[in-house]
Every structure is written in structure tokens, then in C-alpha cells.
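Asks: Quick one, fold the following:
(one chain, ligands or ions: 2)
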Amino acid sequence: MSETDMKLVVVGAAGRMGQTLIRIVHEMDGVRLHAAIGRPGSPVIGRDAGEIAGLGPIGVPVTDKPLEAFLDAEGVLDFTSPATSVEFAALAAQARIVHVIGTTGCSADDDAKILAAARHARIIRSGNMSLGVNLLGVLTEKAARALPAAGWDIEILEMHHKHKVDAPSGTALLLGEAAAKGRGISLAQHSVRVRDGHTGARSRGTIGFATLRGGSVVGEHSVILAGEGEMVTLSHSATDRSIFARGAIAAALWGRGRKPGFYTMLDVLGLN
Ligand SMILES: NC(=O)C1=CN([C@@H]2O[C@H](COP(=O)(O)OP(=O)(O)OC[C@H]3O[C@@H](n4cnc5c(N)ncnc54)[C@H](OP(=O)(O)O)[C@@H]3O)[C@@H](O)[C@H]2O)C=CC1
Ligand SMILES: O=C(O)C1=N[C@H](C(=O)O)C[C@H](O)C1
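Replies: Ligands and ions are numbered 1, 2, ... in the order given. As a prediction, this is how the structure comes out:
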């Protein structure tokens, strides 16, 4: 451990991503686990964060006092729920620290509140923190620009584990936004998120989404560009949650010393 290590708080410590983050922060140079936060009333409060994450004791008890932890920290890694991330964004703004948000499924109202918190906090947010997916987003934008809507239909397919609560995934929406940007259209006005029954033929220029859920799948995403007699498929497979954790930590380190504002992984990775 060094004096210059960035002091990070992992919120949602008991979750799938929370446990992964605790393990990766513990093993990475340049960062230190300052605190771990659990949901008030959760049985993990008071337990050692390392034990919860399968590391053995590391001397950091899980607490339910986020503001106390944030005021003495430099960054927060947050993969929780929309309401919790909105609440923590306001606390990160109060503490003037870096807030890395991986939580998906936020409403437009949640988005507005997170953006407001970025007046004082340094917020870095993405539906997917991995390098591979962010590169896929760039490739999707290029492909959508190159292949005209008149002959090429865009469909986005995703599959995740059976516990996932939001759909389409944050990544699918990120890829949809990239495709819409390449086409110069608004995703909100052109997306087809559900098909059922007699839907009629596909409308030209729409971007379709299909969602699969099951088992322990970490994250599978494909962007399919379907033309007459040919098809281009761009895809990404996540096999280990550590890719999201490493990306989130890289984002926190990137945000250290930056001005308050709202950033994405494209800024962090220099892909913007
Ligand atoms: N952007 C990215 O790269 C990625 C994003 N995600 C997203 O991250 C989010 C979490 O995913 P995952 O880890 O699988 O989900 P989990 O349900 O496993 O974890 C969420 C955790 O947050 C905790 N939590 C909820 N409210 C609070 C609170 N007020 N204070 C402290 N902790 C709280 C929950 O506690 P409890 O269990 O007690 O309710 C739970 O432990 C999802 O939105 C998912 O889509 C996931 C992977 C990558
Ligand atoms: O809930 C998950 O697990 C994941 N969520 C993110 C999403 O909604 O895209 C990122 C990743 O695919 C895993």
C-alpha cells in the first residue's frame, strides 16, 4: 500500500459486482479499499468486506453510512440500483469526489438527477465499463454510417443471467445509441423494443432489440446489420465480471484531479 493510492468506496458490497470490485481493488496497484457500503438492514453490515468477497479478512467492515465514507474518500464505485445511484450521486456531489456509475435501468428522471449531481461531482457513467464493448460501440457507429438504412436493418440481441432485472441491457442501449448516431437519427424515435403478435412488416430505419435471460451468462451482445443476401454481425462476449471492475477502477483513476462534470468510458478510453 502507498500513500498515493486512490481511496475508493465500493457501494453495493454484497452484490455480484460489489464482490468482484472488492477483489479487484484489493489486487490492483494504485488503489485502496477505503470503505464498503451495504444496504441498510442487510445481514452483511458489520461483516468484513474481504470475507464477503471470498478473500478472507482485510480489515474493512461493511457499513451503512455512505456519507461518512464518501467525505474521507476520493472515489465511489457504484453498481447498485437506479434509486441508490441517484442517492449516491448527490452524496458524491456533497463530498466533491469521483463517482463511477455502472448501474443500468435508469429512467429519464434518474438521468436528470445524476446529471445535476455532476455539477459538483466527477461522474463517469457507462452501461458497460469494458474496453471491448466500448470499442464495439465505435465499430457499430461506423458500420451504421457505412451501411445505408435503405438496404440494411439493424437489430441488437443480448443475453444475460437469470437474475438481471432490467431490459434491454444498458449495453444494448449503448450500442443502439451508437447505431443511431451513425445513422444520424434519434434512438428514442426509432427503437422497437418489443415484438409480439401480428406486428406487420419491419419499418425501414428502425433499430430493433431482442432480450434473452437465463442461467449464469455474464453478458452477450450482438449488433446485426441485415442486408439483402448478406449480414454483418459485430459481437462481444463477457465471460468474467472482472472486465467491468477493471474498467470502473481505470475510470476512477482517470477522474482523479479532473474538473466536476459528466463523462463516459469513451472519454476514459480516448475513444470519443
Ligand atoms: N456498466 C457495467 O459495466 C455493468 C453494469 N452492471 C449493472 O450493475 C448493477 C448491479 O448489478 P449486480 O451486481 O449484478 O446486481 P446485484 O443485485 O448482485 O447487486 C446490487 C447490490 O446493490 C445493493 N444495494 C441496493 N441498494 C443499496 C443501498 N441503498 N446501499 C447499499 N447497497 C445497496 C444490493 O443490496 P441487497 O442485495 O441487500 O439488496 C446488492 O447487493 C445492475 O444495474 C447491472 O446492470 C453490472 C455489470 C457491469
Ligand atoms: O446486469 C449485468 O450483469 C450486466 N449489466 C450491464 C448491462 O446492462 O449491459 C453490463 C453487462 O452486460 C452485465
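Asks: which parts of the stretch 151-272 of the chain sit against ligand 1?
Replies: Contact residues (Cβ under 6 Å from any ligand atom) of the stretch 151-272 of the chain with ligand 1: 170, 244. C-beta here means a position set from N, CA and C on the backbone, and glycine is covered the same way.
Asks: Go through the residues of the stretch 151-272 of the chain and report the one nearest to ligand 1.
Replies: Nearest residue of the stretch 151-272 of the chain to ligand 1, counting by Cβ to the nearest ligand atom: residue 244, 3.7 Å away.
Asks: Repeat that for the chain.
Replies: residue 15 (2.1 Å).
Asks: Specify the residue positioned farthest from the middle of the chain.
Replies: residue 229 (35.3 Å; Cα atoms, centre = their mean).
Asks: could you measure it against residue 247, distance?
Replies: Residue 229 sits 38 Å away from residue 247, taking Cβ to Cβ, to the nearest Å as the criterion.
Asks: related to what we said a few turns ago, angles on the backbone of the residue of the chain closest to ligand 1, please.
Replies: phi -80, psi 170 (degrees, to the nearest 10).
Asks: Tell me how many other residues crowd it.
Replies: Other residues lying near residue 15 total 19 when counted by other Cβ atoms under 10 Å.
Asks: What score does it have for pLDDT?
Replies: Residue 15 is assigned a predicted lDDT (pLDDT) of 98.
Asks: didn't it look like it was pressed against residue 77?
Replies: No - with contacts defined as Cβ atoms under 8 Å, residue 15 does not count as touching residue 77, sitting 11.2 Å away.
Asks: where does the stretch 51-200 of the chain come near ligand 2, residue by residue?
Replies: Looking at ligand 2, the residues of the stretch 51-200 of the chain close enough under Cβ under 6 Å from any ligand atom are 104, 127, 128, 160, 164, 169, 170, 171.
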